[in-house]
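Enquirer: Predicted model and sequence below, questions to follow.
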Amino acid sequence: RTDTMASGTFVVSRPNDAESTHFPLEVQYTVSGATAGVNYEELPLKVTIPAGAASVEVEVRPIWSGLADKSLNLTLTSKLNYFVGSPGSSTINIKGAPYDPFVRFVATTGNDSYDGCTDVTAFLTLDRALAAVSSLDHATIKVLPGTYVPTNRLDNYGRYFSHYEITRPVTILGMGSKPEDVHFKSTCTDAGTSKSRVFFVNNEAAKLKNLLITGGRSGAGNEYPNFGSLGGGGVYLESLGGTVEDCVISNCYLSGWNTGGGGIHMWNGRILRTKFVNNYSGNDRDYDFAGAALCARNGYVENCLMVNNGKGADNNGYGPVHILGNTVLLNCTIAGNHGKESAAVVVQGTSAKVINCAIFNNDVQSDGSGHAGVYYLKNNATGAQFINCAADRDIVNGTDCIMAESGGFVNQVQRDYHLAVASVCRDSANEDYYLPPFATSATDLDGIPRMTGPQRGKQLDIGCYEFDVTALSIDFYADVTTCLMDYDDGLVPYPARFHA
C-alpha cells in the first residue's frame, strides 16, 4: 500500500490430489486481535480455492496507524462440505510503524543518509526530502527551525542558479512557532550577484506554509534564461498553481525588463495570510509586468500585508502590487510602500478586482497614475474594479470606496497596521465577497476569526487585520459631588466615587 508497508499472507490449503481439487471450495474464517480498518484493510472472511488448485492466499494489507505491534489471528471455520485440519489457525504480526509514511522531516542537524521519517532521523536538505516523497501524493515535509539554502547549480548556459522545484502535491511545512523560525534563503551568486528565486511551484495541491523566504532574485529572460522572463524572486507559482500560506516574503529582488513580482509572481494559485516586506524592484518602466512585492496574473490573494516594498538601492522600481487577468485581491493592506513610478496597486485589464483592501501612506516619486500613487489603471481597467476599499486618495468611480486622510492604524510610523478603535476600516467591508471562491480563510493575518453577519452582529473589517474586540478594555473613572447625604443638620453634598 505504501513505500514502507509490505503485505502479509495466510495460506489456506487442502490435499493436493485429483479428488480434493476437482471442484472449487469456499472456505470461511474468523479473525481476532488486530482491528480491521485500523491496523489492516478489512478482509471478506471467506476465500475460494479454485478448481484444480490445492491452496490460496489471503492477503493482509497493513494500515499505518502509529500504534504498537498487533497480532492478527485467522481461524478456519468448519462447514458441512469440509472439516478443518491441523493447524486450523495461524497468526501474522503487524508491525506498528513509528512514523507516518506520508511525512518526512528536514533539520539543520539532519543527514541525507538518514531515512527522514522522524525528527531524530531527519534529512539535512529539502532536495533530499522532495526526492523521498516523489512517488507519493499529498505528502508533507516538516521542516524544523533553522536556515536552509538551496544548492547552487549551473544551468545549460553556464550560469549559476538555485531553487527548490515543487511539481508534486506536497506541503512544505515550517515547524516553528512563527514563519521566521524556518528560513529559506537564496545565496546563489554569479560574479557577486544573486541569480535565483527560492521556490518554483507548479502543482495545484502543492503548498508552502509557515516559512520565511528571503534573498531570491529573478529578472529578464536574456539575463536569466533558466527561469524565463516573468520574475518571481521569492516564489514563482506556475500555470498549474499552488498555495503560499502563512509565510513572510522579504528582501527578494526583481530586475530587468518585462518582469514582475519581486516577492512572488503568480500565474495561478492562492496566497493566504502572507506578509510581503522589504522586497524591491529595479524595473522603472511601464512594462506589462511589474510589482516589487507581487505580480499576479490569475488567482486569489487574501488577508495579506504589503509594507515597505518598492524602490531598490538604485532608486528605481515600480510600486508593490501589479494584478491582471482574473486576479482577486481581497482584504489586503497595502501601506508604507515606495516606488519611482506608478502606484501602490496597478490593475491591468477589465477582469481583475481589488476588494475590501486598505491602501494608505504609499509614496511614488513620479506619479504616473494620476491618482497620487494609490492606483494605476492599464488596458481599459476602471476604478469600478475597486470595491469597498479604503484609501487616502479618492478612487474615481470606485464601488462603495472610502477616502480618508488616515486608515486609523495603531502605529503607522512603526508600521503597525492593526486597526485602532476609531479606524475608518472597521465594519466597512463588503461581506458578500468574503465567500468562496474569493475567500477560503476563516481568519485574518493574525488568526483572528473573520466572523461576519449574524455571528458577530456587525460587518467585516477592511484590510488584512480584523479588529480584535476581545482585546478592547475600558477604564472609566469619575468623581461625583452632587450626591446629597441626610445628616442631622440637613442634606449636604457628599463626594461619591465610581470606578469601573
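Expert: Nice, I can see it. Numbers count the residues shown, from 1 in each chain.
Enquirer: Once you drop chain neighbours, what's closest to residue 61?
Expert: Counting by C-beta to C-beta, 6 or more residues apart in numbering, residue 61 lies nearest to residue 41, which is 4.3 Å off, once chain neighbours are set aside. Just so you know, the C-beta spots here come from the backbone N, C-alpha and C atoms, and that holds for glycine as well.
Enquirer: Can you give the contact residues for the helix or strand residue 200 falls within?
Expert: If you go by DSSP states H and E, residue 200 is part of strand 199-201. Contact with strand 199-201 is made by 163-167, 184, 208, 213, 216, 227, 234-238, 241-242, 244, 269, as judged by C-beta atoms under 8 Å, 6 or more residues apart in numbering.
Enquirer: Can you say which of these are buried?
Expert: 163-164, 166, 184, 208, 213, 216, 227, 234-238, 241-242, 244, 269 (16 or more other C-beta atoms under 10 Å).
Enquirer: what comes into contact with the helix or strand containing residue 76?
Expert: Per DSSP H and E: residue 76 is located in strand 70-77. Contacts to strand 70-77, defined as C-beta under 8 Å, 6+ apart, come from residues 10, 12, 27-35, 39-40, 58, 60, 84, 88-94, 96.
Enquirer: go again using 6 Å as the cut-off
Expert: 10, 28-34, 39, 84, 88-94 (C-beta atoms under 6 Å, 6 or more residues apart in numbering).
Enquirer: of those residues, buried ones?
Expert: For the contacts of strand 70-77, a burial check counting by 16+ other C-beta under 10 Å picks out 10, 29, 31, 34, 39, 92, 94.
Enquirer: Give the burial count for residue 211, as a bare number.
Expert: Neighbour count of residue 211, defined by other C-beta atoms under 10 Å: 29.
Enquirer: what's the closest of the buried ones among the contacts of strand 70-77 to residue 398?
Expert: Comparing the buried ones among the contacts of strand 70-77 against residue 398 with C-beta to C-beta picks out residue 39 as the nearest, at 60.1 Å.
Enquirer: and the closest one, how far is that from residue 92?
Expert: According to C-beta to C-beta, to the nearest Å, residue 39 and residue 92 sit 10 Å apart.
Enquirer: got it, and residue 470?
Expert: 54 Å.
Enquirer: Residue 379 too?
Expert: 67 Å.
Enquirer: what do you get for residue 448?
Expert: 51 Å.
Enquirer: just to revisit the earlier point, using neighbour counts, pick out the buried residues of the strand holding residue 200.
Expert: Here strand 199-201 shows 199, 200, 201 as buried, counting by 16+ other C-beta under 10 Å.
Enquirer: What pairs with that strand, parallel or antiparallel?
Expert: When pairs are called by DSSP bridges, strand 199-201 turns out to pair with strand 164-166 (parallel), strand 235-237 (parallel).
Enquirer: Just list what the next helix or strand after it packs against, helices and strands only.
Expert: Later in the chain than strand 199-201, the nearest helix or strand by DSSP H and E is strand 207-209. When contacts are defined as 3 or more C-beta pairs under 6 Å, 6 or more residues apart in numbering; DSSP states H and E, strand 207-209 sits against strand 170-174, strand 243-245.
Enquirer: Run me through the strand neighbours of strand 207-209, direction for each.
Expert: Note on strand 207-209: by DSSP bridges, its sheet partners are strand 170-174 (parallel), strand 243-245 (parallel).
Enquirer: distance between the longest one and the chain's centre?
Expert: Right, strand 170-174. Centroid displacement of strand 170-174 relative to its chain, using C-alpha atoms, centre = their mean, to the nearest Å, is 9 Å.
Enquirer: For it, list the C-alpha coordinates in CSV.
Expert: What follows is strand 170-174, C-alpha atoms only, in CSV (Å, rounded to 0.1, in the frame of the first residue of the first chain):
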residue,chain,number,x,y,z
VAL,A,170,3.4,18.2,-1.4
THR,A,171,3.2,20.6,1.6
ILE,A,172,6.4,22.2,2.8
LEU,A,173,5.5,23.0,6.4
GLY,A,174,7.7,25.1,8.8
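Enquirer: Contacts for the helix or strand following that strand, please.
Expert: Going down the chain from strand 170-174, the next helix or strand is strand 182-185, by DSSP H and E. Outside of strand 182-185, the residues within contact range by C-beta under 6 Å, 6+ apart are 143, 145, 147-149, 174, 176, 198, 211-215.
Enquirer: pLDDT averaged over strand 182-185 - what is it?
Expert: Mean per-residue pLDDT for strand 182-185: 96.
Enquirer: Describe which strands the next helix or strand after the strand holding residue 76 pairs with in its sheet and in which direction.
Expert: The first helix or strand that comes after strand 70-77 along the chain, using DSSP H and E, is strand 89-94. Each strand paired with strand 89-94, and its direction, by DSSP bridges: strand 70-77 (antiparallel).
Enquirer: With only the CA atoms kept, save the partner strand in PDB.
Expert: The C-alpha trace of strand 70-77 is given here as PDB (Å, rounded to 0.1, in the frame of the first residue of the first chain):
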ATOM      1  CA  LYS A  70      -0.500  -6.000  16.700                       C
ATOM      2  CA  SER A  71      -1.200  -9.700  16.100                       C
ATOM      3  CA  LEU A  72      -3.800 -10.800  13.600                       C
ATOM      4  CA  ASN A  73      -5.200 -14.300  14.200                       C
ATOM      5  CA  LEU A  74      -7.100 -16.200  11.400                       C
ATOM      6  CA  THR A  75      -9.100 -19.300  12.400                       C
ATOM      7  CA  LEU A  76     -10.800 -21.500   9.800                       C
ATOM      8  CA  THR A  77     -14.500 -22.400  10.400                       C
END
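Enquirer: Confirm for me that residue 335 is in contact with residue 417.
Expert: Yes. Under the criterion of C-beta atoms under 6 Å, residue 335 makes contact with residue 417 at 5.4 Å.
Enquirer: what's the closest non-adjacent residue to residue 201?
Expert: residue 242 (3.7 Å).
Enquirer: Surely that neighbour touches residue 206?
Expert: Yes. Using C-beta under 6 Å, residue 242 makes contact with residue 206 at a distance of 4.2 Å.
Enquirer: From residue 411, how far out is the residue nearest to residue 408 when sequence neighbours are not counted?
Expert: In this structure, residue 408 finds its nearest non-sequential neighbour in residue 423, 3.0 Å apart by C-beta to C-beta, 6+ apart. Distance of residue 423 to residue 411, given as C-beta to C-beta: 12 Å.
Enquirer: Off-centre distance for stretch 328-347?
Expert: 21 Å.
Enquirer: could you dump that stretch to PDB, C-alpha only?
Expert: The C-alpha atoms that make up stretch 328-347 are tabulated as PDB, following Å, rounded to 0.1, in the frame of the first residue of the first chain:
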ATOM      1  CA  VAL A 328      -8.800  39.000  -6.900                       C
ATOM      2  CA  LEU A 329      -7.000  41.000  -4.200                       C
ATOM      3  CA  LEU A 330      -9.200  40.600  -1.100                       C
ATOM      4  CA  ASN A 331      -8.900  42.100   2.400                       C
ATOM      5  CA  CYS A 332      -5.300  43.100   2.000                       C
ATOM      6  CA  THR A 333      -3.400  46.000   3.400                       C
ATOM      7  CA  ILE A 334      -1.000  47.900   1.100                       C
ATOM      8  CA  ALA A 335       0.700  50.600   3.200                       C
ATOM      9  CA  GLY A 336       4.000  52.300   3.600                       C
ATOM     10  CA  ASN A 337       5.400  51.300   0.200                       C
ATOM     11  CA  HIS A 338       7.500  53.200  -2.200                       C
ATOM     12  CA  GLY A 339       8.100  53.500  -6.000                       C
ATOM     13  CA  LYS A 340       9.900  55.600  -8.500                       C
ATOM     14  CA  GLU A 341       6.900  55.300 -10.900                       C
ATOM     15  CA  SER A 342       3.300  54.100 -11.000                       C
ATOM     16  CA  ALA A 343       1.200  53.400  -7.900                       C
ATOM     17  CA  ALA A 344       0.600  51.200  -4.800                       C
ATOM     18  CA  VAL A 345      -1.800  48.900  -6.900                       C
ATOM     19  CA  VAL A 346      -1.600  48.500 -10.700                       C
ATOM     20  CA  VAL A 347      -4.700  47.000 -12.200                       C
END
